[in-house]
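Q: Build the 3D model from these lines:
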Amino acid sequence: MLRAMEIAGDPLLGLAERRLGWLENRQRVLAQNIANADTPGFQPSDLRDFAAVLAGQGAGVGLARTDARHLAPNGGPPGARRDRLAHERTPDGNAVSLDQQAMKVAETDTAHALAINLYRRYAAMYRTALGRTG
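A: As a prediction, this is how the structure comes out:
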């Protein structure tokens, strides 16, 4: 198995890891939206685009959790914000559209599969370059 220290510091693998982390956080936010589809007044959230995160747009100083008993801001992962594209509302004020959330989950799943595949192939190239086959 390829050891992490052999490829540590590689910018492409670092970028792939950041992308995978962002995708994991997005799945968590979307799952929370779907779980609250029947909660009166619930507003769906989403993460900023990954490209915007890389460019540092919207980066600021966030709240620090200095104690494990502190609540996480907005009840979600860092970077989650209200989804401004949520236009439909039910009479109870809920703005979750299950169709939109399902499309976003599918997009995120596809992007995750692509990122994992690229990561594995890049790591395989390292193994080949190092003369290792397993």
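Q: CA only for contacts and neighbour counts going forward, please
A: Fine.
Q: Now residue 46: which helix or strand?
A: Per DSSP states H and E: residue 46 is located in strand 45-47.
Q: who does that strand pair up with?
A: Counting by DSSP bridges, the strands paired with strand 45-47 are strand 80-82 (antiparallel).
Q: For the helix or strand just after the partner strand, which helices and strands make contact with it?
A: Helices and strands here follow DSSP H and E; after strand 80-82, the next one along the chain is helix 98-129. Helix 98-129 is packed against helix 11-35, with contacts defined by 3 or more C-alpha pairs under 8 Å, 6 or more residues apart in numbering; DSSP states H and E.
Q: can you give me the angle the helix it packs on makes with helix 98-129?
A: Here helix 11-35 runs at an angle of 160 degrees relative to helix 98-129 (axes from the mean of the first three to the mean of the last three C-alpha atoms, to 10 degrees).
Q: What are the contacting residues of helix 11-35?
A: Here helix 11-35 makes contact (C-alpha atoms under 8 Å, 6 or more residues apart in numbering) with 43-47, 50, 76-77, 80, 96, 98, 101, 104-105, 108, 111-112, 115-116, 118-119, 122.
Q: picking up where we left off before, for whatever helix or strand comes next after the strand holding residue 46, list the C-alpha coordinates in CSV.
A: Counting by DSSP H and E, the element after strand 45-47 in chain order, helix or strand, is helix 50-55. This file holds the C-alpha atoms of helix 50-55, laid out as CSV (Å, rounded to 0.1, in the frame of the first residue of the first chain):
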residue,chain,number,x,y,z
PHE,A,50,-15.9,24.6,-4.3
ALA,A,51,-14.3,27.0,-6.8
ALA,A,52,-15.4,29.9,-4.6
VAL,A,53,-14.0,28.1,-1.5
LEU,A,54,-10.6,27.7,-3.3
ALA,A,55,-10.6,31.3,-4.4
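Q: circling back to that earlier point, which of the contacts of helix 11-35 count as buried?
A: By the neighbour-count criterion of 16 or more other C-alpha atoms under 10 Å, these include these buried positions: 43-47, 76-77, 80, 96, 101, 104-105, 108, 112, 115, 119.
Q: and which of those is nearest to residue 10?
A: Of all the buried ones among the contacts of helix 11-35, residue 119 has the smallest distance to residue 10: 11.6 Å, by C-alpha to C-alpha.
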